[in-house]
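A.B. asks: need a structure here:
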Amino acid sequence: MAEDAVEHDAVSAEPIADDAEAERAAVRTARRDGIAVGLATAAYGISFGALSVASGLDVWQTCFLSLVMFTGGSQFALVGVVGAGGLAAGGSAIAAAALLGVRNVVYGMRMRPVVGDHGLAHRIAAAWVTIDESTAVALAQSRERAARIGFWITGIAIFVGWNLTTLAGALIGDALGDTRAYGLDAAAAAAFLGLLWPRLKKLQAGATAVLAAVVATIATPVLTPGLPVLVAAVVAVVIGWFDLFRRREGR
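C.D. replies: Prediction:
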């Protein structure tokens, strides 16, 4: 009987040990993914820093923007509109950046169960690093603890790296002088297109992008800089609201 009890305990312990090892493996994967994504994404900060200076912002304004806004797509949109229309397009630039930033609110609602609620400071920190990449890494994990660790490592790595590379890019752009001579005045749109391109694999996204681009092209000669972007955004919202192309793709 004693031997049977010992054997039963050993068998019972095996699933616990296996689960613990699986948990550790999941955490290691989350850490590796977070660091890799953080390093790759932070590199974009050099482009943003140089493009921001090319658009008319100085080094410290550029760094402050990365510090307080910290959402790459919105930052590229803002400096792109400012670069095209100057300070007169500031309102349109802010509106365009805000439209792109709305997605982070959705991310926040999705990530709240993952990061938990441990006080005001914790919520503020989580909100600050809730971006595309931290959300994607967290949701790719199979374990709750791994998802939480992946979220924080990715967010913090990108925040630190992005702000450092923004400073480096801004200093480089400032040292170059007239950045338009190097074509950097047109690079904001190219960089933003690079961020957008991987998302255009589905019919809904591709068709929406094409229609919005056509509308923006038609509106550009008759509207002040920044407004064509907002008009195109309205077109995209309408298409998304009625879900026209996705239903057709489903059929």
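
A.B. asks: where does residue 117 sit, in terms of helix or strand?
C.D. replies: Under the assignment given by DSSP states H and E, residue 117 is not contained in any helix or strand.

A.B. asks: state the mean pLDDT of stretch 213-229.
C.D. replies: Averaged over stretch 213-229, pLDDT sits at 73.

A.B. asks: any regions of the stretch 51-200 of the chain where pLDDT drops low?
C.D. replies: Scanning the stretch 51-200 of the chain for pLDDT under 70 picks out 83-101, 176-200.

A.B. asks: now for residue 48, how many residues are close by?
C.D. replies: 24 (other Cβ atoms under 10 Å). Every C-beta, even on glycine, is put in place using the N, C-alpha and C of the backbone.

A.B. asks: please name every helix or strand in contact with the helix or strand it falls within.
C.D. replies: Assigned by DSSP H and E, residue 48 falls within helix 44-54. The contact analysis (3 or more Cβ pairs under 8 Å, 6 or more residues apart in numbering; DSSP states H and E) places helix 44-54 against helix 59-68, helix 72-85, helix 144-176, helix 187-196.

A.B. asks: buried deepest among those helices, which one?
C.D. replies: helix 72-85 (a mean of 25; mean count of other Cβ atoms under 10 Å).

A.B. asks: tilt between it and helix 44-54?
C.D. replies: Interaxial angle, helix 72-85 versus helix 44-54 (axes from the mean of the first three to the mean of the last three Cα atoms, to 10 degrees): 20 degrees.

A.B. asks: helices or strands up against helix 72-85?
C.D. replies: helix 44-54, helix 59-68, helix 90-115, helix 187-196.

A.B. asks: before we move on, back to that, what's the closest of the helices and strands packed on helix 44-54 to residue 231?
C.D. replies: Residue 231 lies closest to helix 72-85 among those, at 12.8 Å (Cβ to Cβ).

A.B. asks: return that closest one as CSV; C-alpha atoms alone will do.
C.D. replies: Extracted in CSV, the C-alpha atoms of helix 72-85 (Å, rounded to 0.1, in the frame of the first residue of the first chain):
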residue,chain,number,x,y,z
GLY,A,72,4.5,56.2,-33.8
GLY,A,73,1.7,56.3,-36.4
SER,A,74,0.2,59.5,-34.8
GLN,A,75,3.6,61.1,-34.6
PHE,A,76,4.4,60.5,-38.2
ALA,A,77,1.0,61.8,-39.2
LEU,A,78,1.4,64.9,-37.2
VAL,A,79,4.9,65.9,-38.6
GLY,A,80,3.8,64.9,-42.1
VAL,A,81,0.9,67.4,-42.0
VAL,A,82,3.0,70.1,-40.3
GLY,A,83,5.7,69.6,-42.9
ALA,A,84,3.2,70.0,-45.7
GLY,A,85,1.3,73.0,-44.3
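
A.B. asks: burial count for residue 37?
C.D. replies: Neighbour tally, residue 37, other Cβ under 10 Å: 21.

A.B. asks: surely it is in contact with residue 158?
C.D. replies: Yes: contact criterion Cβ atoms under 8 Å: residue 37 and residue 158 qualify, at 7.5 Å.

A.B. asks: now the common contact residues for the two.
C.D. replies: residue 133 (Cβ atoms under 8 Å, 6 or more residues apart in numbering).

A.B. asks: relative to residue 234, which of the helices and strands packed on helix 44-54 is closest?
C.D. replies: helix 72-85 (15.1 Å).

A.B. asks: any idea which helix or strand carries residue 211?
C.D. replies: helix 203-219.

A.B. asks: what comes up buried for that helix?
C.D. replies: Within helix 203-219, the residues scored as buried using 16 or more other Cβ atoms under 10 Å are 204-205, 207-209, 211-212, 215-216, 219.

A.B. asks: show me which of the residues you listed is closest to residue 143.
C.D. replies: residue 205 (30.3 Å).
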